[in-house]
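Asker: next input, structure requested:
(chains A, B, C and D)
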Number of protein chains: 4
Amino acid sequence: MDTNNSYEVVVNKMMKDDLFSQWLGIQLLEIKEGYSKITMHVRPEMINGLGIVHGGIAFTLADSAFAFACNSRNQLSVALDTSIQFLKPVHVGDTLVAEATELHNGKSTGLYLIQIFNQHQHMIALFKGTCFRTSKKIIP
Amino acid sequence: MDTNNSYEVVVNKMMKDDLFSQWLGIQLLEIKEGYSKITMHVRPEMINGLGIVHGGIAFTLADSAFAFACNSRNQLSVALDTSIQFLKPVHVGDTLVAEATELHNGKSTGLYLIQIFNQHQHMIALFKGTCFRTSKKIIP
Amino acid sequence: MDTNNSYEVVVNKMMKDDLFSQWLGIQLLEIKEGYSKITMHVRPEMINGLGIVHGGIAFTLADSAFAFACNSRNQLSVALDTSIQFLKPVHVGDTLVAEATELHNGKSTGLYLIQIFNQHQHMIALFKGTCFRTSKKIIP
Amino acid sequence: MDTNNSYEVVVNKMMKDDLFSQWLGIQLLEIKEGYSKITMHVRPEMINGLGIVHGGIAFTLADSAFAFACNSRNQLSVALDTSIQFLKPVHVGDTLVAEATELHNGKSTGLYLIQIFNQHQHMIALFKGTCFRTSKKIIP
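Answerer: So this is what the prediction gives:
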């Protein structure tokens, strides 16, 4: 990956400090202005009490993609309101890819849609996130 | 905890198999028909790239409380649509309590509200979940 | 109703200008700081293509209750993100009451929950709303 | 419009009975399997207490597009959980177009995304809807 663009500098800084995304094994695939694409591999310790992957895992993946996309311009933005729909169960061994796209880039808020696909290109969850933009920067 | 009631038998079975909730260190405080209350302690590996606790942690806690409440009658129910609002940042060392209450218990679906509080009794997040009820049982 | 309090002055001004709430026949029952309770009667022209009341009617009632509660302090606030769950069908002739309560009153945003009940005290819908607070006033 | 396809027969039946969509002046632009596109013109009686168009109007337009798309296969489906984000204010005289696309067509539930644009092709709201599929038909 070309590390010369400013979006990558911001997201690499976020990734370096993001211990929970590291625990999940999240890898950055692509970052652009208002856009991110990340992936992870599902491990046994991620299942819930029904034997399928915990909804919190898919949420975390989507929420990380959301955070990278909405902070890509180096304006510190925090999640305000998010929702996720679960469409198909996820199993141990699956590889997930989350792609965040920007629907609205307002002065104070932003709106993002994150689709999560499994290795069969089936959409397993849809996440919608609204962020609030602060006046701070990620990289001063 | 009195282990004689049927709701506890179901939730103890779910907890025993729920490896991700175990990783989070979730403890059951109370379970009743359509109701659950659980707690966890926030550890350093749970932070995000902004130095506060990852939204996926609060979501997972709420989603587990939701799962325990909506499956308490031993009718297998899965999350369909969920949303969470983040009200205050969570920090390493905080103790969180999630309380799930049932707003609607329909034949095919159910609606639950989960409030998460920190050790100062401040609400840090509000979660709303709709589940879909299958014809299967947790404990045959 | 005591018309001396400042919350009522704000909401009466909003109601006077709110032509769509007037078309719905919305009546104010109670207004307090961060709280409102309103009612309406369901007429035949409010049904949808399935013969029950259009979801847009229940949404509008909840959204009006939300607007009155979140603007009650005379700080102009606009809906940012809202969701509604439909729990029971509404029929022509029903009387609906919507009650808005404030869960969070932040500097830039607020979170409100609106419950709608019918004349049998059954909850027919649950609405959750996040507003964004501007620096303007309703009454200068 | 070609009235020979089965999706149009279903939606025309729904439109004929939908008195509230008629009040709004909703016109069908296109209907396909799991897809609908409708339009309306914003009138003075649709404003709220802040002088802009009531959120309930945009919601109703989106909810109607959702209903037409999710019922297009003649399997009676009802809204379960919906959310809407408001991105830009709508004014009297604007012409709105809502386009509903299907993201998931499950046996018991379906997921739809509805985008609303104004006459300047700006997205003014984004709606997400989950429906529950019954075993009944719209046209027996």
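
Asker: buried sites along the longest strand seen in chain A?
Answerer: In chain A, assigned by DSSP state E, the strand with the most residues is strand A:123-137. Judged by neighbour count (16 or more other C-beta atoms under 10 Å in any protein chain shown), strand A:123-137 contains these buried residues: A:124-133. Quick note: C-beta positions are derived from backbone N, CA and C, even for glycine.

Asker: look up how far A:S36 lies from A:N12.
Answerer: Using C-beta to C-beta, to the nearest Å, one gets 12 Å for the distance from A:N12 to A:S36.

Asker: joint contacts of those two?
Answerer: Common neighbours of A:N12 and A:S36, using C-beta atoms under 8 Å, 6 or more residues apart in numbering or on different chains, are A:L28.

Asker: ok, those two, which is more surrounded?
Answerer: Neighbour count, other C-beta atoms under 10 Å in any protein chain shown: between A:N12 and A:S36, A:S36 has more, with 27 against 16.

Asker: endpoint to endpoint, stretch A:40-50 covers what distance?
Answerer: 21 Å (C-alpha to C-alpha, to the nearest Å).

Asker: other residues contacting it?
Answerer: The contact list for stretch A:40-50, computed with C-beta under 8 Å, 6+ apart, reads A:24-27, A:53-55, A:57, A:61, A:90-96, B:13-21, B:23, B:64, B:67, B:71, B:76, B:78, B:138.

Asker: PyMOL command for the buried members of the residues you listed?
Answerer: In PyMOL, this line selects whichever of the contacts of stretch A:40-50 come out buried by 16+ other C-beta under 10 Å:
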select buried, (chain A and resi 24+26+53+54+55+57+61+90+94+96) or (chain B and resi 14+15+18+19+20+21+64+67+71+76+78+138)
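
Asker: among the contacts of stretch A:40-50, which lie within strands?
Answerer: A:27, A:95-96, B:76, B:78.

Asker: would you list the residues you listed in TSV and tack on pLDDT?
Answerer: Output for those, formatted as TSV (pLDDT from 0 to 100):
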residue	pLDDT
A:Q27	97
A:T95	98
A:L96	98
B:L76	95
B:V78	94
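
Asker: check those residues and tell me the two furthest apart.
Answerer: A:Q27 and B:L76 (33.6 Å; C-beta to C-beta).

Asker: per-residue confidence for the residue nearest to A:T60 when sequence neighbours are not counted?
Answerer: Of all residues not flanking A:T60 in the chain, B:G56 sits nearest, at 2.8 Å (C-beta to C-beta, 6 or more residues apart in numbering or on different chains). On the pLDDT scale, B:G56 is placed at 97.

Asker: any idea how far B:G56 lies from chain C?
Answerer: 19 Å (C-beta to the nearest C-beta, to the nearest Å).

Asker: ok, that residue to D:K128 distance?
Answerer: Applying C-beta to C-beta to B:G56 and D:K128 gives a distance of 20 Å.

Asker: same thing with A:Q121?
Answerer: For A:Q121, the distance to D:K128 - C-beta to C-beta - is 21 Å.

Asker: again with A:V11
Answerer: With C-beta to C-beta as the criterion, A:V11 and D:K128 are 26 Å apart.

Asker: residues contacting A:I139?
Answerer: Applying C-beta under 8 Å, 6+ apart, the residues near A:I139 are A:9-10, A:13, A:74.

Asker: what are the phi and psi values at it?
Answerer: When read as degrees, to the nearest 10, the backbone of A:I139 gives phi -110, psi 110.

Asker: just the ones of the contacts of stretch A:40-50 in helices?
Answerer: Among those, the ones falling in helices (DSSP state H) are A:24, A:55, A:57, A:61, B:13-17, B:19-21, B:23, B:64, B:67.

Asker: what is the most widely separated pair among those?
Answerer: Top of the distance list for the ones in helices among the contacts of stretch A:40-50 (C-beta to C-beta): A:L61 and B:K13, 27.2 Å.

Asker: quick one: stretch A:98-113 to chain centroid distance?
Answerer: Here stretch A:98-113 is found 12 Å from its chain centre; the criterion is C-alpha atoms, centre = their mean, to the nearest Å.

Asker: can I get that stretch in CSV? Just the C-alpha atoms.
Answerer: Presented in CSV, the C-alpha positions along stretch A:98-113 are these (Å, rounded to 0.1, in the frame of the first residue of the first chain):
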residue,chain,number,x,y,z
ALA,A,98,-16.3,-4.3,5.7
GLU,A,99,-16.6,-1.4,3.2
ALA,A,100,-17.5,2.1,4.5
THR,A,101,-18.9,4.7,2.1
GLU,A,102,-19.8,8.3,2.9
LEU,A,103,-23.4,9.4,2.2
HIS,A,104,-23.1,12.8,3.7
ASN,A,105,-20.2,15.0,4.8
GLY,A,106,-21.7,17.8,6.9
LYS,A,107,-19.9,20.5,8.9
SER,A,108,-21.1,19.1,12.2
THR,A,109,-22.1,15.5,11.4
GLY,A,110,-21.5,12.8,8.8
LEU,A,111,-23.5,9.8,7.6
TYR,A,112,-21.9,6.5,6.5
LEU,A,113,-23.1,3.1,5.3
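
Asker: and that stretch, anywhere near chain D?
Answerer: Yes - part of stretch A:98-113 sits near chain D under the criterion C-beta under 8 Å from any C-beta of the partner chain, namely A:103-104, A:106, A:111, A:113.

Asker: what is the rounded mean pLDDT of that stretch?
Answerer: 96.

Asker: now stretch A:30-37
Answerer: 97.

Asker: under a three-state scheme, what state does the residue of chain A found nearest chain C occupy?
Answerer: Proximity of chain A to chain C (C-beta to the nearest C-beta) peaks at A:D81, 4.5 Å away. At A:D81, secondary structure determined by DSSP: H, G, I helix; E, B strand; the rest coil is strand.

Asker: tell me how many other residues crowd it.
Answerer: The burial count for A:D81: 27, using other C-beta under 10 Å.

Asker: can the worst-scoring helix or strand of chain A on mean pLDDT be said to contact chain B?
Answerer: Ranked by mean pLDDT, DSSP states H and E, the weakest helix or strand in chain A is helix A:6-17, scoring a mean of 93. Yes - using C-beta under 8 Å from any C-beta, we find that helix A:6-17 touches chain B at A:13-17.

Asker: distance between that helix and the chain's centre?
Answerer: Centroid displacement of helix A:6-17 relative to its chain, using C-alpha atoms, centre = their mean, is 13 Å.

Asker: export that helix as CSV, just CAs?
Answerer: Output of helix A:6-17 as CSV, limited to C-alpha atoms (Å, rounded to 0.1, in the frame of the first residue of the first chain):
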residue,chain,number,x,y,z
SER,A,6,-2.7,11.8,4.1
TYR,A,7,-5.7,9.5,4.7
GLU,A,8,-3.3,6.6,5.3
VAL,A,9,-1.2,8.6,7.7
VAL,A,10,-4.3,9.3,9.8
VAL,A,11,-5.7,5.8,9.7
ASN,A,12,-2.3,4.1,10.4
LYS,A,13,-2.0,6.3,13.5
MET,A,14,-5.5,5.2,14.6
MET,A,15,-4.8,1.5,13.9
LYS,A,16,-1.6,1.7,15.9
ASP,A,17,-3.5,2.8,19.0
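
Asker: assign the residue nearest to A:D18 when sequence neighbours are not counted to helix, strand or coil.
Answerer: Of all residues not flanking A:D18 in the chain, B:G49 sits nearest, at 3.8 Å (C-beta to C-beta, 6+ apart). Under the three-state scheme (three-state DSSP), B:G49 adopts coil.

Asker: and the pLDDT at B:G49?
Answerer: At B:G49, pLDDT is 88.

Asker: what number of residues lie near it?
Answerer: Around B:G49 there are 24 other residues, counting by other C-beta under 10 Å.
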